[in-house]
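Visitor: need a structure here:
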Amino acid sequence: MKNLLNLVAFGQQTINHSHMRKILLLAIPALFSANSIAQDTCATALPISLGSHVVTGINGPQIPSPICADNGPGNTSAGEWYTFTPATDLTVMLTTDLPINNSTDTRFHVYVGGCGALTCHSGDDDSGAGYTSMATFNVTAGTTYYIAFDNRWTSAGFTFQLNEYDGPEPIDAPITFTGMTYGVMGNTKSCVVDMNGDYLDDIVSVNTSSVHILYQAANGSGFTGSTITTPAADFSPSWSIAAGDIDKNGKNDLLYGSGSGVTFMKQNTDGNGFVEMSGPQYVFSQRSNFVDINNDGHLDAFVCHDVAPNVYYINNGSGVFTFNQGGLGDFPSGGNYGSIWMDYDNDGDQDLFIAKCRGGNSGANVDELHRNDGAGEFTNVSIESSMAEPSQSWSSAWGDFDNDGDMDAVIGASSFTNGGHKFRQNNGDGTFTDITASSGWDTFVTTNIEHVAHDFDNDGFVDVFAGGSTIMFNNGDMTFSPVDVAPSNGPIGDLNNDGFLDVQNGNTVYFNSGNDNNWIKIHLEGVESNYNGIGARVEIHGDFGMKIRDVRSGDGFRYMSSLNTHFGIGASETIDELIVRWPSGTVDVIENPEVNSALLVIEGSAPLSNHNHNIAMFGIYPNPVREVLNISVTSNEIALASADVFDITGRKVMAMEGDVREIKVSSLARGSYVLLLKDAQGRQQSLKFIKE
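Guide: Model (predicted):
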């Protein structure tokens with residue numbers, strides 16, 4: 001018998017489920033031109049050159065394999081095959097995003113190797129407008145590339161073009177990926193996360209009545225498979241999946257977002273079973289996340305609603321969730337696609353950005369930024385922050401791309417209906433500046449529904465996997481360069497425990513070749529905060545300056561990537577300190593953590609102490625103090641930006657912004673405290689004082 005959620009409808013609407021994202025096109029007339037007809041098998045693939053080509057229909061007996069594009073094998077039963085052998089090295093674009101196709105829903109795969117041993121080189125599903133396909137990739141003179149279209153969504157005819165790409169010149173790949181095939185058994189193969197509490201990333205796939213897990217071996221040698229039977233899920237993760245420990249038993253649980261509703265799969269402490277929880281509410285799920293919305297130490301759930309205001313589920317700490325609708329994205333007809341939670345204003349709580357998608361000028365396509373006041377109250381600050389823009393985006397990638405201590409954003413276009421990709425720099429005052437021009441994003445013409453921010457080459461600068469088979473590598477100066485890579489997008493994690501991020505796509509794991517750059521991985525275990533530390537801010541300091549990460553459950557559009565925190569540090573061989581700022585307010589500081597290793601930080605195990613990060617920039621007096629604590633600066637060139645007071649357990653008890661010179665401490669209890677001061681350049685100094 002199902003353990004049903006305690007679901008209380010708030011502003012619930014009854015909506016006919018007629019808004020279907022995928023429509024099987026049963027009868028579209030073939031589109032003809034004076035061009036070639038595709039062949040039906042790899043062995044009889046038709047050689048083509050650059051230009052336009054017509055597929056009269058997909059009816060060949062050889063199904064493309066392996067699957068290089070998104071969305072799995074599904075009901076695929078046929079294929080059409082081509083070959084392309086360039087005379088010179090080129091960057092090419094393969095696209096069906098053409099007016100003549102009338103948004104025919106296509107999917108393609110690009111291979112190298114022979115017909116008996118094909119290896120994915122590129123592929124795409126849905127990067128073009130209206131679910132057409134488009135990908136950009138490099139080709140080498142004299143190499144034969146196999147191009148295969150399948151009938152995953154339609155068997156109808158269409159036209160495609162293979163043209164030389166006229167966007168920014170790709171740079172040489174700083175890393176490469178090598179694909180290996182594994183038996184990923186579930187229908188939904190969208191999750192890479194630790195499932196047995198050893199902090200190693202596992203591969204999780206889902207069927208209606210089972211969860212399949214490939215547990216990673218600690219030495220990186222491979223995986224051990226396990227199939228766990230579950231109660232039948234009312235709703236499958238057909239649109240997105242998220243993971244997190246909702247009951248603090250040390251085992252991660254799953255959130256399924258479908259086109260009809262939401263299901264929670266709660267893993268037991270032994271790791272050998274799940275409890276299914278579903279509610280009756282209709283939710284056309286898009287991106288789903290686990291996040292502690294009200295900061296009570298228990299993970300809540302948030303789900304973007306495609307056709308109505310967003311929904312969220314508040315966890316009472318006993319595995320009972322209360323359903324809520326509205327207050328976090330209220331546009332009546334929805335348009336909510338890519339939610340991501342991060343601390344954009346550096347006030348220690350999680351804010352929400354929603355990448356919107358509805359096309360045209362419907363109003364449902366205006367991006368939204370919601371500021372958290374720390375007590376679970378949110379304010380839509382989209383306009384004043386300069387983030388309220390019409391968009392056709394399914395996801396945004398947030399990271400500190402310039403390593404200045406705050407989160408910047410790439411809002412990735414899924415089509416160019418409302419313009420191209422957008423790159424926004426955080427000004428540090430709650431506003432953002434459009435710096436798209438000359439950043440590389442202005443000339444990047446490949447669209448996709450998935451955009452995620454990670455440091456793939458461990459050089460210390462956050463890159464963006466821009467969907468398809470392209471990583472936009474961060475050049476370190478707020479410009480990006482496209483690099484064609486083997487994998488299409490998918491869940492991301494360190495799947496061989498070598499410190500470099502890998503990508504899973506379907507049955508294939510694309511292992512990062514790595515390089516000589518150094519790194520560190522941090523595993524968090526919350527005590528007062530949620531168990532995963534979701535919402536924590538992790539910082540490292542060293543000769544490279546400062547780097548930050550926010551711990552998130554669910555980025556991009558549909559996938560769930562690792563909950564471990566990953567930093568590349570380039571050629572640096574030491575880290576001076578690592579700081580974890582927990583959602584509870586606790587701050588842990590670890591001196592000189594070992595590089596090229598994984599570090600477990602338990603909340604409160606290394607509480608903030610009298611620690612000076614750089615030079616002595618500030619002084620305080622009187623000390624001990626009864627009423628007012630005064631702050632002095634050692635140089636007129638130092639500008640104080642913020643002052644936070646922590647008690648001896650590491651809990652933040654006071655927070656002030658700006659050039660504060662006096663702090664009224666009369667309300668504090670007697671005892672010892674730590675004052676953490678930050679200047680305008682992001683440098684920090686902590687000073688201990690005694691309240692009498």
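
Visitor: find the residue at the geometric middle of the protein.
Guide: Centroid check for the chain by Cα atoms, centre = their mean gives Asp555 as the closest residue, at 2.4 Å.

Visitor: just name the shakiest helix or strand of this structure by mean pLDDT.
Guide: Least confident helix or strand, the chain: strand 684-691 with a mean of 81, by mean pLDDT, DSSP states H and E.

Visitor: buried residues, that strand. List them.
Guide: Within strand 684-691, the residues that qualify as buried by neighbour count (16 or more other Cβ atoms under 10 Å) are 684-687, 689, 691. Placement of C-beta: from N, CA and C, glycine included.

Visitor: can I get these in TSV with distance to Asn102?
Guide: Listed next are the buried residues of strand 684-691 as TSV, based on distance: Cβ to Cβ, whole Å:
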residue	distance to Asn102
Gln684	57
Gln685	62
Ser686	62
Leu687	67
Phe689	70
Lys691	71
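
Visitor: give me the below-cutoff pLDDT ranges for the stretch 251-400 of the chain.
Guide: Low-confidence segments of the stretch 251-400 of the chain (pLDDT under 70): 359-361.

Visitor: so which residues of it form strands?
Guide: Assigned by DSSP state E, counting those that start in this stretch, the stretch 251-400 of the chain shows strands spanning 253-257, 262-267, 274-278, 285-291, 300-305, 311-315, 321-325, 336-342, 351-356, 368-372, 378-380, 395-399.

Visitor: quick one: residues contacting the closest residue to Asp400 other than its chain neighbours.
Guide: Excluding the flanking residues, the one nearest Asp400 by Cβ to Cβ, 6 or more residues apart in numbering is Ile548, at 5.0 Å. Shown in contact with Ile548 (Cβ atoms under 8 Å, 6 or more residues apart in numbering): 400, 405-407, 537-539.

Visitor: quick check, pLDDT for Ile548.
Guide: Ile548 carries a pLDDT value of 97.

Visitor: one more: the one 3 residues further on?
Guide: Looking at Val551, its pLDDT is 98.

Visitor: leaving out the residues flanking it, which one is nearest to it?
Guide: Using Cβ to Cβ, 6+ apart, the closest residue to Val551 is Ala536 (4.7 Å).

Visitor: kindly report the same for Ser438.
Guide: In space, Ser438 is closest to Thr479, 7.1 Å off (Cβ to Cβ, 6+ apart).

Visitor: quick one, phi psi at Ala129?
Guide: Note on Ala129: backbone dihedrals following degrees, to the nearest 10 are phi -70, psi 140.

Visitor: what sits against it?
Guide: 97, 103, 415-417, 447.

Visitor: switch to 10 Å and redo it
Guide: Shown in contact with Ala129 (Cβ atoms under 10 Å, 6 or more residues apart in numbering): 97-99, 101, 103, 359, 392, 413-417, 447.

Visitor: just give me the least confident of those.
Guide: Lowest pLDDT among the contacts of Ala129: Gly359, with 64.

Visitor: tell me, how many residues neighbour Gly123?
Guide: 28 (other Cβ atoms under 10 Å).

Visitor: list the residues that contact it.
Guide: By Cβ under 10 Å, 6+ apart, the contact set of Gly123 is 64, 66-70, 94, 107-111, 133, 135, 137, 147-148, 468-469, 486-488, 505.

Visitor: for it, which non-adjacent residue is spatially closest?
Guide: Gly123's closest residue in space is Cys68 (Cβ to Cβ, 6+ apart), at 3.1 Å.

Visitor: quick check: the residue nearest to Asp400 is in a strand.
Guide: Yes. Assessed with DSSP: H, G, I helix; E, B strand; the rest coil, Ile548 lies in a strand.

Visitor: give the buried residues for stretch 215-233.
Guide: Neighbour-count burial for stretch 215-233, counted by 16+ other Cβ under 10 Å, picks out 215-216, 223, 228, 230-231, 233.

Visitor: show me which of the residues you listed is closest to Glu594.
Guide: Gln216 (21.1 Å; Cβ to Cβ).

Visitor: I'd say that closest one and Gly493 touch.
Guide: Yes. Counting by Cβ atoms under 10 Å, Gly493 is a contact partner of Gln216 at 8.8 Å.

Visitor: which neighbours do the two share?
Guide: Common neighbours of Gln216 and Gly493 (Cβ under 10 Å, 6+ apart) are 192, 194, 200-203.

Visitor: now that we have the contacts of Gly123, which of them are buried?
Guide: If you count burial by 16+ other Cβ under 10 Å, the buried members of the contacts of Gly123 come out as 64, 66-70, 94, 107-111, 133, 135, 137, 147-148, 468-469, 486-488, 505.

Visitor: which of the strands of the stretch 251-400 of the chain sits closest to Ser666?
Guide: Once the strands of the stretch 251-400 of the chain are compared by Cβ to Cβ, strand 368-372 is nearest, at 28.6 Å.

Visitor: that closest one pairs with which strands?
Guide: Paired strands of strand 368-372, with direction, are strand 351-356 (antiparallel), strand 378-380 (antiparallel) (DSSP bridges).

Visitor: deepest of these, which one?
Guide: Of all these, strand 351-356 has the most neighbours on average by mean count of other Cβ atoms under 10 Å, namely a mean of 27.

Visitor: mind checking which of the buried residues of stretch 215-233 land in strands?
Guide: Those of those mapping onto strands are 215-216, 223, 228, per DSSP state E.

Visitor: and the furthest pair within those?
Guide: Gln216 and Ile228 (16.4 Å).

Visitor: got the buried residues for stretch 623-642?
Guide: 625, 629, 631, 633, 638, 640-642.

Visitor: now, those residues that are in strands?
Guide: 629, 631, 633, 640-642.

Visitor: of these, which one scores lowest on pLDDT?
Guide: On pLDDT alone, Val633 ranks lowest of these, at 87.

Visitor: quick check: beta-bridge partners of that one?
Guide: Bridge pairing for Val633 - DSSP bridges - gives Phe618.

Visitor: flag the shaky bits of this structure, pLDDT-wise.
Guide: The chain contains residues with pLDDT under 70 at 1-38, 166-171, 359-361, 609-616, 648-650.

Visitor: rerun at 50
Guide: Counting by pLDDT under 50, the chain has low-confidence residues at 1-36, 610-614.

Visitor: before we move on, back to that, distance to Thr176 added to the ones in strands among the buried residues of stretch 623-642, as CSV?
Guide: Shown next, in CSV, are these (distance: Cβ to Cβ, whole Å):
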residue, distance to Thr176
Leu629, 55
Ile631, 51
Val633, 49
Leu640, 46
Ala641, 41
Ser642, 42
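
Visitor: from those residues, which two are the most distant?
Guide: Leu629 and Ala641 (17.4 Å).
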